[in-house]
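Enquirer: only geometry, no sequence info:
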């Protein structure tokens with residue numbers, strides 16, 4: 001079964017009405033999907049406002065198939081005050097949501113951490129994303145393969161990064 005399948009404009013009209021689908025965006029979604037399939041971590045970097053979040057939202061809308069009420073994108077906007085507990089709670093929520101989605105026939109739930117590079121608890125995100133651990137214990141295998149983690153990092157402007165050197 002191909003999750004990113006050919007669709008008609010009528011089938012997902014609300015999805016297409018608010019997103020400009022370009023060849024570049026299709027290539028990015030396919031690259032992300034291939035990483036999901038191979039369990040390779042996905043880290044997206046870009047300037048504020050370049051469409052990182054919207055790209056993943058559109059991709060998740062496509063993955064919903066005929067379940068528009070399904071919530072298959074769990075977001076945590078991280079910041080300097082985001083704690084390890086906030087991250088752990090969000091991961092647990094994503095696991096539970098993934099199990100509900102499985103019952104509706106949705107096989108991929110995306111957990112994304114926006115601006116992950118702004119929190120001191122980035123080690124917890126790395127542990128979940130790369131090691132498959134939550135609070136030092138393995139994420140249950142029955143849902144771990146269905147929750148895909150995407151980390152967004154806002155890039156530091158070149159002029160700022162060179163002035164820090």
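Expert: Ah, there it is. Please read these numbers as outputs of a predicted model, since none were measured by experiment. Numbers count the residues shown, from 1 in each chain.
Enquirer: so where's the longest helix in this protein?
Expert: In the chain, assigned by DSSP state H, the helix with the most residues is helix 84-103.
Enquirer: any idea how far that helix is from the chain center?
Expert: Remark: helix 84-103 is offset 13 Å from the chain centroid, using C-alpha atoms, centre = their mean, to the nearest Å.
Enquirer: now that helix: buried residues?
Expert: 84, 86, 87, 88, 90, 91, 94, 95, 97, 98, 101 (16 or more other C-beta atoms under 10 Å). In short, each C-beta sits where N, CA and C put it, glycine included.
Enquirer: surely residue 140 meets residue 95?
Expert: Yes. Assessed by C-beta atoms under 8 Å, residue 140 is found in contact with residue 95 at 7.1 Å.
Enquirer: ranges for the strands of this structure?
Expert: Counting by DSSP state E, residue ranges of the strands within the chain are 42-46, 73-77, 109-114, 133-134, 137-138, 147-154.
Enquirer: nearest to residue 123 among those strands would be which one?
Expert: Taking C-beta to C-beta, strand 133-134 is the member of those nearest to residue 123, at 10.9 Å.
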